[in-house]
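In: Model the following, please.
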Amino acid sequence: MKIKLPDGGELEFESSQSLFDIASSISPSLKKRCIVAKVNGKIIDMDTIISKDSTVQFITDKDPEALEVLRHSTAHLLAETIKKLYPQAHFGVGPVIEDGFYYDIDLGDDVISEHDLITIEKEMKKIASQNSKIERGVLSKEEALEFFSDDPYKVELINELPVDEEISIYKQAHFTDLCRGPHIPGTKWIKHFKLLSVAGAYWRGNSDNIQLTRIYGTVFFKKEELDEHLHLLEERKKRDHRKLGKQLDLFMLSEYGPGFPFWLPNGMTLRRELEEFWYDVHLKENYKLIQTPIMLNKELWEVSGHWANYRENMYTSTIDDHEFAIKPMNCPGGMLVYKRDIHSYKDFPLKVGELGLVHRHEASGALAGLFRVRNFTQDDAHIFMTEDQIVQEIKELVRLYDYMYSVFNLEYHIELSTRPEEKYIGDIAIWDKAEKALADALDEMGQPYIINPGDGAFYGPKLDFKLKDSMKRIWQCGTIQLDMNLPERFDLTYIDSNGEKKRPVMLHRALYGSIERFIGILIEHYAGAFPTWMSPIQVKVIPVNNDYHLKYSLKLLNDLKAKGIRAEIDQRDEKLGYKIREAQTKKIPYQLVIGDKEVESKTVNFRRYGEQKQEVINKHDFVTMILEEIKAKR
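Out: Numbers count the residues shown, from 1 in each chain. The predicted structure follows:
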């Protein structure tokens, strides 16, 4: 048996070997450091027996894949501890999520609060220190149903599996779970973890099912990494956009419209700046701008496929005995605009953009500030083209997205989402062709990407842009969706160079994704301290004494406004320190303190937000400086 290693080396064995044995033959210390191994591209447990030629890569705590395995195993440790402390508990699922894990638990009549997490943590550490082995076992479906017969949630999951499927379980000390794995070799690896919160969650996300207790946690291999993450979590709480939105007078939410945000004057200014930036960039990129109706006839949504695939998320009404739906997407309206005219191949690529207000019915429990709402503005565009223009247009879009996100100092990576297993329209051959076109464009650019199987839209594959903010969180915002299906359903055509009718290819694309959600992300990304060009109030003028300094301050205020600078004056009869602190609390980029020297010399004494240093410069120079900063979007 030959074992190929990543460095090109090769080992040969006369008989079957466990992965532990293979690692030990390389180095005893490697055996001790191994978490799992990747065999022929698949991650599996270290006690797995290898009996044929294979390519093997050993995964240690230094490798990114190991952290997900550690988190999965810590979820099992949590379940084992809960079973010990609450013997009547039944268990749903305990998956790994971004930055941690959770487990859904049916506690019967018991209730777990945030305070109880400390006790659970202590018991988890005690159990982990015993270094129980975590071992994989295999059962038939009949055996699995018998083994888990007292847990209705596991029985439900098992019953959905094919009769002849091999069902894996994982055992550790006093707990056995239904699980595909893989897992760490033993609980000794679980040292640096923290239980974070308790929430309610419906079994399998269905509000008709029982509500389970969901316990969230996180874990790292090193204490320093855990401490850093917990610090980030505290910082995220301070940056909560709902809290800052109220503090900075940006938006409000009301019980009279759950999921429908109200924009306040400061928020409207911020929103308008983002919209104007979007319009300016898109006009330079030769987009044509349109606006389509919010409500359209049911028949249109049947043609588009939304009625069959998205009906449960749409708001409807009856007008003149006909059923209408408020649009959940802008696309069908864009199709009607295209069909209005006869198009030639010479018109392509035809880029049509719209800031369109859409409505989607989200479950009340899923609503979260601006991050999950029921009405939002999509910065949509539809690009119509010939097949041979696809790769070039994708490359142009990636370039555009890279520029736009760089303005906000947001990093990103790209995921290519392929055809869903169910609920998709069109032929598989067309899907395969579309997916290849997206991949080819990225490959030609040398742009790295991740394959996300089965997560495409129902009408086509897509590229998702996952943004990373200053708090290291990942957000789904931009998307590029290649659609060869809707042009067919709407019978879209163009005249080719031979004078014949042909079917165009279409790209759907959104850059902000949702303006509401993007603003929520930016609030937390900047902690409410926006760059000057975006800030609702850019300058606060503060006279030291109204009796002596107000006249010059008002003249300065008017001069700033005349130059298009958003400025306010604080002429309240309050102490100077109080007014400066309040301007800092409101995170205004510049505070101008006007006293005797400034009045006499016609200068300004300015301080930037977050800094203690004060600078005195000529009034004209200050205006020039801030206008340049705004223009450059620094």
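
In: When you work out contacts or count neighbours from here on, use the C-alpha atoms and nothing else.
Out: OK.

In: Specify the beta-bridge partners of residue 135.
Out: residue 171 (DSSP bridges).

In: Use 57 as the first number for this chain going forward.
Out: All set: I'll call the first residue 57, so the last point we hit is now residue 191.

In: Now do the helices in the stretch 157-306 of the chain.
Out: 172-184, 197-203, 208-215, 279-294, 297-303 (DSSP state H, counting those that start in this stretch).

In: any idea which of those is most buried?
Out: Mean neighbour counts were taken over the helices of the stretch 157-306 of the chain using mean count of other C-alpha atoms under 10 Å, and the top value, a mean of 19, falls to helix 297-303.

In: For the protein, which helix extends over the most residues?
Out: helix 120-141 (DSSP state H).

In: Name the next helix or strand downstream of that one, please.
Out: strand 146-147 (DSSP states H and E).

In: any idea which helix or strand comes after that next one?
Out: strand 152-153.

In: So what touches the longest helix of the chain?
Out: Identification of contacts with helix 120-141 by C-alpha atoms under 8 Å, 6 or more residues apart in numbering yields 91-92, 115-117, 145, 147, 150-152, 156-159, 176, 179-180, 183-184, 230-231, 233, 238-240, 243, 245-246, 274-277.

In: residues contacting the residue lying closest to residue 672 once chain neighbours are set aside?
Out: Of all residues not flanking residue 672 in the chain, residue 661 sits nearest, at 4.4 Å (C-alpha to C-alpha, 6 or more residues apart in numbering). Under the criterion of C-alpha under 8 Å, 6+ apart, the contact list for residue 661 reads 648-650, 654, 670-673.

In: now, which of those residues sits nearest residue 80?
Out: For those, the minimum distance to residue 80 (C-alpha to C-alpha) is 63.9 Å, reached by residue 670.

In: Report the contact partners of that closest one.
Out: So residue 670 contacts 661-664 (C-alpha under 8 Å, 6+ apart).

In: ok, 7 Å please
Out: Each residue near residue 670 by C-alpha atoms under 7 Å, 6 or more residues apart in numbering is listed here: 661-663.

In: Repeat that for residue 189.
Out: Neighbours of residue 189 in contact, by C-alpha under 7 Å, 6+ apart: 228, 241-243.

In: can you rerun that using 10 Å?
Out: When contacts are counted by C-alpha atoms under 10 Å, 6 or more residues apart in numbering, residue 189 touches 226-229, 240-244.

In: related to what we said a few turns ago, closest to residue 450 out of the contacts of residue 670?
Out: The closest of these, once distances to residue 450 are taken by C-alpha to C-alpha, is residue 663, at 44.1 Å.

In: partner strands of the helix or strand where the closest one lies, parallel or antiparallel?
Out: Assessed by DSSP H and E, residue 663 sits inside strand 659-664. Sheet pairing for strand 659-664, assigned by DSSP bridges, gives strand 646-650 (antiparallel), strand 671-674 (antiparallel).

In: Quick check: buried residues in whichever helix or strand comes after the longest one?
Out: For strand 646-650, the succeeding helix or strand toward the C-terminus, using DSSP H and E, is helix 652-657. Burial within helix 652-657, assessed by neighbour count using 16 or more other C-alpha atoms under 10 Å, is assigned to 654-655.

In: Could you do stretch 107-124 as well?
Out: Quick answer for stretch 107-124 (16+ other C-alpha under 10 Å): 111-117, 121-124.

In: Also stretch 329-345?
Out: Buried-residue list, stretch 329-345, by 16+ other C-alpha under 10 Å: 329-331, 334-335, 338, 343.

In: Touching, residue 63 and residue 114? I think so.
Out: No: Residue 63 is beyond contact range of residue 114, at 11.6 Å (criterion: C-alpha atoms under 10 Å).

In: which residues touch the residue lying closest to residue 441 once chain neighbours are set aside?
Out: What sits nearest to residue 441 in space, not counting adjacent residues and going by C-alpha to C-alpha, 6+ apart, is residue 405, at 4.8 Å. Shown in contact with residue 405 (C-alpha under 10 Å, 6+ apart): 342-343, 439-442, 445-446, 449, 560-562.

In: tell me the SS of residue 363?
Out: Following DSSP: H, G, I helix; E, B strand; the rest coil, residue 363 is assigned to helix.

In: wait, what's in contact with it?
Out: Residue 363 touches 354-357, 369-370, 381, counting by C-alpha under 10 Å, 6+ apart.

In: What ranges does the stretch 307-456 of the chain have for its helices?
Out: 321-340, 354-360, 362-366, 387-395, 446-463.

In: Residue 610 is nearest to which of these?
Out: helix 321-340 (21.4 Å).

In: Need the CA coordinates for that closest one. CSV is fine.
Out: Extracted in CSV, the C-alpha atoms of helix 321-340 (Å, rounded to 0.1, in the frame of the first residue of the first chain):
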residue,chain,number,x,y,z
PRO,A,321,-33.1,63.2,8.8
ASN,A,322,-29.5,62.2,9.6
GLY,A,323,-30.2,58.7,8.3
MET,A,324,-31.7,60.1,5.1
THR,A,325,-28.5,62.2,4.6
LEU,A,326,-26.3,59.2,4.9
ARG,A,327,-28.6,57.1,2.7
ARG,A,328,-28.7,59.9,0.0
GLU,A,329,-24.9,60.1,-0.1
LEU,A,330,-24.7,56.3,-0.7
GLU,A,331,-27.3,56.6,-3.4
GLU,A,332,-25.6,59.5,-5.1
PHE,A,333,-22.3,57.7,-5.1
TRP,A,334,-24.1,54.7,-6.7
TYR,A,335,-25.7,56.9,-9.3
ASP,A,336,-22.4,58.7,-10.2
VAL,A,337,-20.5,55.5,-10.6
HIS,A,338,-23.1,53.8,-12.7
LEU,A,339,-23.6,56.7,-15.0
LYS,A,340,-19.8,56.7,-15.6
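
In: circling back: wait, which of the contacts of residue 661 is closest to residue 475?
Out: For these, the nearest to residue 475 is residue 648 (56.5 Å; C-alpha to C-alpha).

In: Quick check, that closest one in contact with residue 616.
Out: No: Residue 648 sits out of contact with residue 616 when judged by C-alpha under 10 Å, with a separation of 11.5 Å.

In: intersection of neighbour lists for the two?
Out: 595, 597.

In: can you list the domain ranges for the chain.
Out: The chain breaks down by automatic domain parsing into domains covering 58-116, 121-283, 307-348+384-581, 595-688.
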